[in-house]
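A.B. asks: Sequence unavailable; structure follows:
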């Protein structure tokens, strides 16, 4: 690696900004300066985001900038970083331009991320609301709970909050091992397997049970976008949109510095970018509103008025993700239960009617929005 005989003009400056020097020490300062000069005056797309980010970080303070601009000695005597910066500072408003260029360089990547995130939220909402198997599982939980509580004041539940799904494994059968979720899963396996059996009369009972288990075990795959959405944060996404919109001010600011005698294509190019970026951000904000509305609707679909109590707008996805993890584990255990029978009597379980909008509102079940946050209890 080359070494320069340097005379630092600003003491600690070279140490503070050495990253750019080490990165480009094998190139001449003249070569790099010409590349940046071309970008700042002609083609603002010619520099990559990494270099632009580095340049933004090495922007001198006002005091350092004055020292560089007022220096009239032999430039070759300056340190590499200082020579480099002095050349860049010869361009009017160089670092304001660099900030605008960095915003532009990252714009497409950030827009794609936001668009993909909002698309995932929409697809997650659709998956959850339209999953035949998930709705069937909810029906089975409700039906089983009512059967177990028959004859009690909790034997005619119309709904339960999805949080209840996470507690199904806490309710043990008379054997102390089998849980309510094991029981429900096996009931659905029989149902799904029976459907397969009716289509193919040659299948043996063990075969259609295995196929039923495969169907139930595939629910996690069917709700893949729900699991992705569970890892998102509405506040973070909203802040990204705001940051993207506020970043346009850097472009507007640098366009204010344009003067009639300034040459090159820089300002024309940035004006065109500004117009396109404003339109793209308007679309992104529309995507955001649409996605959040669908999340709100699917939450109301399952939780009714309790939606207003949710601290996390995407919490419904988090609940289902955690439940799917439990379900996958239970399906593996059920698959290993060869020649074993689930607890025979549903009376060994008890379930209470939790208050919320009925899960199966699409089937016109009465909508009772009472308030107790009850859960399954043994």
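C.D. replies: The structure has been received and is ready for your questions. Predicted, not measured: the structure shown is a model, and the values here were computed from it. Numbers count the residues shown, from 1 in each chain.

A.B. asks: Show me the helices in the stretch 151-300 of the chain, by range?
C.D. replies: Using DSSP state H, counting those that start in this stretch, the helices found in the stretch 151-300 of the chain span residues 180-199, 205-217, 219-222, 224-230, 234-255, 266-303.

A.B. asks: quick one, which of the ones you listed is packed in tightest?
C.D. replies: helix 224-230 (a mean of 21; mean count of other Cβ atoms under 10 Å). Quick note: C-beta positions are derived from backbone N, CA and C, even for glycine.

A.B. asks: quick one on the thing from earlier: now distance to residue 58 and mean pLDDT too, for the helices of the stretch 151-300 of the chain, in CSV please.
C.D. replies: Output for the helices of the stretch 151-300 of the chain, formatted as CSV (distance: least, Cβ to Cβ, whole Å; pLDDT from 0 to 100):
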stretch, distance to residue 58, mean pLDDT
helix 180-199, 58, 73
helix 205-217, 55, 74
helix 219-222, 48, 92
helix 224-230, 38, 97
helix 234-255, 17, 95
helix 266-303, 21, 94
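
A.B. asks: who wins for proximity to residue 123 among those helices?
C.D. replies: Nearest of the helices of the stretch 151-300 of the chain to residue 123, taken as Cβ to Cβ: helix 224-230 at 4.2 Å.

A.B. asks: Please list the residues outside the closest one that contact it.
C.D. replies: Applying Cβ atoms under 8 Å, 6 or more residues apart in numbering, the contact partners of helix 224-230 are 120-121, 123-124, 127-128, 220, 295, 314, 317-318, 320-322, 324.

A.B. asks: Which members of these are classed as buried?
C.D. replies: 120-121, 123-124, 127-128, 220, 295, 314, 317-318, 320-321, 324 (16 or more other Cβ atoms under 10 Å).

A.B. asks: Could you chop the chain up by domain?
C.D. replies: The record's domain parsing of the chain by automatic domain parsing lists 13-91, 107-378.

A.B. asks: ok, of those, where does mean pLDDT dip lowest?
C.D. replies: Ranked by mean pLDDT, the domains of the chain bottom out at domain 13-91, with a mean of 71.

A.B. asks: ok, the buried ones among the contacts of helix 224-230 vs residue 284, which is closest?
C.D. replies: Nearest to residue 284 out of the buried ones among the contacts of helix 224-230 is residue 121 (Cβ to Cβ; 13.1 Å).
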